[in-house]
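Novice: Please work out how this folds:
(3 chains)
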Amino acid sequence: MMVTKQEILEILENYDKDKLAIATVCSHSSLQIFDGARKEGFRTIGICINAPPKFYDAFPKAKPDEFFTVKDYKEIISKTDELARKNAIIIPHGSFVEYLGAANFNKLHLPTFGNRRVLEWESDRDMSRMWLEAAGIKMPRQIKNPEDIDSPMMVKYYGAKGGMGFFVVKNYSDFQKRINPAEKYTIQEFVLGTRYYMHYFYSPIKHEGYALSKGTLELLGIDRRVESNADEIFRIGSPTELAEAEIYPTFVVTGNLPLIVRESLLPRVFEMGEQVVEKSLELFGGMVGPFCLETVVTDTLELKVFEISARIVAGTNLFISGSPYADLVDEGLSTGRRIAREIKTARDMDLLSEVIS
Amino acid sequence: MMVTKQEILEILENYDKDKLAIATVCSHSSLQIFDGARKEGFRTIGICINAPPKFYDAFPKAKPDEFFTVKDYKEIISKTDELARKNAIIIPHGSFVEYLGAANFNKLHLPTFGNRRVLEWESDRDMSRMWLEAAGIKMPRQIKNPEDIDSPMMVKYYGAKGGMGFFVVKNYSDFQKRINPAEKYTIQEFVLGTRYYMHYFYSPIKHEGYALSKGTLELLGIDRRVESNADEIFRIGSPTELAEAEIYPTFVVTGNLPLIVRESLLPRVFEMGEQVVEKSLELFGGMVGPFCLETVVTDTLELKVFEISARIVAGTNLFISGSPYADLVDEGLSTGRRIAREIKTARDMDLLSEVIS
Amino acid sequence: MMVTKQEILEILENYDKDKLAIATVCSHSSLQIFDGARKEGFRTIGICINAPPKFYDAFPKAKPDEFFTVKDYKEIISKTDELARKNAIIIPHGSFVEYLGAANFNKLHLPTFGNRRVLEWESDRDMSRMWLEAAGIKMPRQIKNPEDIDSPMMVKYYGAKGGMGFFVVKNYSDFQKRINPAEKYTIQEFVLGTRYYMHYFYSPIKHEGYALSKGTLELLGIDRRVESNADEIFRIGSPTELAEAEIYPTFVVTGNLPLIVRESLLPRVFEMGEQVVEKSLELFGGMVGPFCLETVVTDTLELKVFEISARIVAGTNLFISGSPYADLVDEGLSTGRRIAREIKTARDMDLLSEVIS
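Specialist: Sure thing, here's the model as predicted:
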C-alpha cells in the first residue's frame, strides 16, 4: 500500500534535522546530487548494489560519504529503518524509480524529495497527456487507429524508457511490419522541428523570483538528448533506403549535449512551466522540485511538448557547474545543488513537509 | 533623417557620466547585456512593450534595475528625451534593429553603442558582399540567373531574418516550384561543410592584444545555430524523398549549441576578422564592438563566409559565463559584459565618442 | 636512433628543477597547454615556424612567455641544446608528432612528457588493434578482403590524420570506384550509433583516486568531433542520392562539440580506460598522461572503440575551464593544466623519471 504523507511526517519527526543526509541510488544523476548536497553541507549516502561502484573514486567532489550496499533494489524496502536512522532523505531519479518499480517506490517508508503522487500522472501516457493538455500545453497529435497513419508518426510502447522501444512509421504497412502486437503502444505525430529538453525547478516555498500561485519557478538549463542510432544514421543512408536492408533508426538515449533556445521564446517557455505546475497543484497537490518538458520547436516557432519528466533528468548532468540559465540564478548552480538547497531552506524554515512526501 | 554623430555627442555632453545606464530592448541577448552591465557596475534599463516580461523575475542576476515601458517600438523614438535624462546608452541587438526598423533606428536621438553607419552595409546583401569581398573574404559563389542553377543552391529573400525565408534548390525547376516571384532574392551556392559562427569583438580604444591599424580584435566564442526543421528532418527522409510529399527543409533559427574550431584554423579566423574590420575602417569609419562571421568550414579546411552580423548575435547567449575562447581573455567574460566594459573604459579614458554613435 | 630513457634522464640531471619550462608547438591544443602551465606556475615556451603567430596576442592567459622560432620543424632537432638550457619539458600533441614525423620525434634529445614508446603502438593500425583487443576492448569488425564488403564499411588509409582519407563504402563496387590502389588501407565495419570521444588522464604517480595496479585514472571530458562535410551533408541529400553526382561524405575534423554520456555507462567507460592502461603497462611500460578512446555507443548501449590517441587530443580544447567531469576532480581543471600539475607533482616528489621519456 502506498505510504501516506502522515506516515512520512512521523518518520521525519524522529530525524535529527541537523544531521540530515541526502541519499540516492548510484546511477543516472547521482554525481551532481552528491556534489550538490556536499556543497550545501549535507552528508551523502550512495545506495548501491552488491559493491560500491569504483568510478566514484575518480570524482572526489561527488563521492558519497558513505555507501549503503544492498543485494538488489527491492532490499531497500526492507532496510528503510536503517536508512531512517541515518536521517536519510531520498532523492528519486529516473533510474531509482525504474529499478525499484513504481509500486515499490510508493511503498518506501522514507522521506522522499518531491511529491510521490506525481508518479501515477507521469508514468501513464494517457494521464500525462490529460494533465498537460488540461494545462494548455500543445502536444503532438495522437491517433488511436494505426490504419489512420498518413504521415510520419512515432510509435512508443507503454513504459518504454530512455527511448528504447520507440520507432517511426510512415503508413499502416510500415506499422504492421514493425509492431509487436503483444505490447501496448501509443501513436503520435512526428513533429518536425528541433528538440529542446527544458529543465525547470519548482519551489513551493521560495517567494522571490518568477511567482506562481504558490512558490516560484526557475529554468536551470536546456539540453538535447543524443539518440543512438537516429542521430548519426544519415551517414549511411536515408530511412527509406535503409529500410530495404531492415536497418531502422532507433532512439536510445546515450548522452546529452548542451543547448540554448532563442531568448524571444523564453516567455513561452516559462508560461508552459507555469501552466504545468499550476495544473499539478490543482490535480494532485503540486509537483515539487525539478521537472523537464521535452519539446520540439517547429519552424513557425511553436513549442510542442511530447513528454514530461517529473523529477531530475539526466540532461542536467551537463550543468554540474552551472548553465547559461542557472548562472543567472546563482553562479555555478546545478540541479543537484538546487535540490539540496531546497531541502536546506525547507529545514531551516521548518517547511520540510512542503517538499517531501 | 539620420541622426548625426555631432547631435549624439551633444546629447552625451549633458549626460552625468558617473551615472550612465545601459539600456536595451527586452529580447534577443538582453539577459547577458543586463548581467554584464550589472557586473561592470552600470544601472540597467529594460525597454519593453506594454508590460515587463515576467521571465526576468526568474533570473535575478539579469533583471534590469528598471523597466521602461512603451506601447510599441516606435514609441521609443518619441521618448528619447526621457531615456536621455536617465543617461541611457543604447545597446542595439538584432531584434532591437528589426523591431524598430532600420530607418527609425537611425533616427534614434540617443547615444548608441557601435557605429550606426554599419547598418546600411550589413542589411543590404549586395553591399555586405561588396564589403566582405573587398576585404579579401571568400564567400559562396552567387548567381544572378536562376536558370543557371546546376547544383544545390541556397535562395534567400531580401531582409529574411533568423533563417525564415531561406530554401535550398537543386535546379531551375525546383526554383520555379518554390519561389515567390513577388519577393527579391539572392541565390548562392550551398557550400558543403560544417557551420561555425565566429563571435568577435573589435575595440577601437584597447591597445593591448591582437593589434589592428587602430585598436584590437578579440574572439569571444563560437556557436552553431540550431535550425528548424533542417537539423532533424533527416530522421524521416532525405530532401528528395520528402519533396514528393512537399515537405521541405527550413532554416529557422530556434537556438544555438557551443562549438570550438581546430586550433590550426585560428590564424585564419583572426585574419578574417582583421580584414573585415580594416575594410570597415576604410569604408565607413569602422564597425565597433561585437560582430559575427557566419562561416562554413569545408573538408579542405577552407573558410567561407555566408553572412556577417555587425552587432551582438544570439549565439553569444551560450557564453554568459565565458567560453573556451573568452576565458583566455578574462575568465567568465560574456559578450554582454565585454560591451559594458568597453563603455566603462571609454568613459574613464574620455573616449566615449569612439565607441558610440 | 631512438633516444634512450637513460639519455633523457642525463639531460634532466642538468636541469634547474626550480625553473622548468613547459614547451610545445604553437598549434593543436597549445592554448590550454600554455594556460594550464602558467596556472601551475611554469614558464612557457611556444615553438613556432618563422614567426610567432599573431593570434596569441588575443589570448593573454594563453600566450607563451617566450616564442622559440625555427625555420621548420626539423630544426627543432638541431636546437635541442638551446631548449635544454631553458629547462624545457616538451608536451607532445597530435600536430607536434605529425609535423616533426614519428622518427624525428623519437630522436628528440629533450625530456618529453609521457612515454614515447606508445608512439609505435598507437601509430600503426595493426599494433593498436592488437593492444586494444588484448586489453579486452571491443572494436569494429575488420575485414581484409574488400570483396567481402557486404554492409557499410569505413575505409581508412594508413597514416590518415584528422579524418582526411576516410570514406564509407557499402559494397565491393563502391570500394573499387573510390579506392586509391597506391595506398595502404584498413577496412572496418561502420558501427551504427553515436560517437563519444572519451578523454582520460592516467597518472603513474598519483595514489588517491580510481586506483590501477600502479597510479590512478581520471576522466576529464567527452566531446564529439565535428566532421566536414559528413555532419551536414544530409541537408542536400542521402549518400546514395549524392553518389550519383559523385558527392561523397568526408570526415575531416573541423572542430568539436561538448557531450556527456549516460551516467550508467561510466562504470564501463572507466573499465575500458583501466584495461587499456593496464595492458600498456604490460606491453611497453605504460602510457602516461592524457589519452582518448574514440568510441561509438550503439543502441544496445555497447561501447565500441574505433581508435585510440595516446596523447592530448584537440577535443579537450572545449574544456579549458573545466568540464562536467573534470569539475568533479578539481573545479575548472583543463587537460593542459592537468599535465602541468602532473609535472609539478612529479618534480616535487622527485619522480620526474616516471612521467617523462
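Novice: Give me the angle between the longest strand along chain A and strand C:216-229.
Specialist: Longest strand of chain A, by residue count under DSSP state E: strand A:216-229. Angle of strand A:216-229 versus strand C:216-229, following axes from the mean of the first three to the mean of the last three Cα atoms, to 10 degrees, is 70 degrees.
Novice: which other helices and strands contact strand A:216-229?
Specialist: strand A:194-203, strand A:210-211, strand A:251-258, helix A:266-284, helix A:335-348, strand C:194-203 (3 or more Cβ pairs under 8 Å, 6 or more residues apart in numbering or on different chains; DSSP states H and E). Where C-beta positions appear, they are placed from N, C-alpha and C, glycine not excepted.
Novice: For those, could you give me a markdown table that also reports mean neighbour count, distance to chain B and mean pLDDT?
Specialist: Shown next, in a markdown table, are the helices and strands packed on strand A:216-229 (neighbours: other Cβ atoms under 10 Å in any protein chain shown; distance: least, Cβ to the nearest Cβ, whole Å; pLDDT from 0 to 100):
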| stretch | mean neighbour count | distance to chain B | mean pLDDT |
| --- | --- | --- | --- |
| strand A:194-203 | 24 | 4 | 98 |
| strand A:210-211 | 18 | 4 | 98 |
| strand A:251-258 | 23 | 6 | 97 |
| helix A:266-284 | 20 | 5 | 98 |
| helix A:335-348 | 22 | 13 | 98 |
| strand C:194-203 | 24 | 13 | 98 |
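Novice: between the ones you listed, which gets nearest to residue B:252?
Specialist: Closest to residue B:252 of these, according to Cβ to Cβ: strand A:194-203, at 9.0 Å.
Novice: The very next helix or strand once past the longest strand of chain A vs chain B: in contact?
Specialist: On the C-terminal side of strand A:216-229, the nearest following helix or strand under DSSP states H and E is helix A:239-243. Yes: judged by Cβ under 8 Å from any Cβ of the partner chain, helix A:239-243 comes into contact with chain B at A:239, A:240, A:241.
Novice: Hmm, the second one is touching residue B:238, no?
Specialist: Which is residue A:240. Yes: counting by Cβ atoms under 8 Å, residue A:240 does reach residue B:238; the two are 7.5 Å apart.
Novice: For burial, what's the neighbour tally of residue A:51?
Specialist: 8 (other Cβ atoms under 10 Å in any protein chain shown).
Novice: What does it show for phi and psi?
Specialist: According to degrees, to the nearest 10, the main-chain angles of residue A:51 amount to phi -150, psi 150.
Novice: With adjacent residues omitted, what lies nearest to it?
Specialist: residue A:69 (6.6 Å; Cβ to Cβ, 6 or more residues apart in numbering or on different chains).
Novice: and the one you found, what is it in contact with?
Specialist: Contacts were defined as Cβ atoms under 8 Å, 6 or more residues apart in numbering or on different chains; by that measure residue A:69 touches A:48, A:49, A:50, A:51, A:52.
Novice: And the one helix or strand it maps to, what's buried?
Specialist: If you go by DSSP H and E, residue A:69 is part of strand A:66-70. Residues A:67, A:68, A:70 are the ones in strand A:66-70 that count as buried (16 or more other Cβ atoms under 10 Å in any protein chain shown).
Novice: Would you mind confirming that the last one is in contact with residue A:51?
Specialist: No: with contact defined as Cβ under 8 Å, residue A:70 and residue A:51 do not form a contacting pair (10.7 Å).
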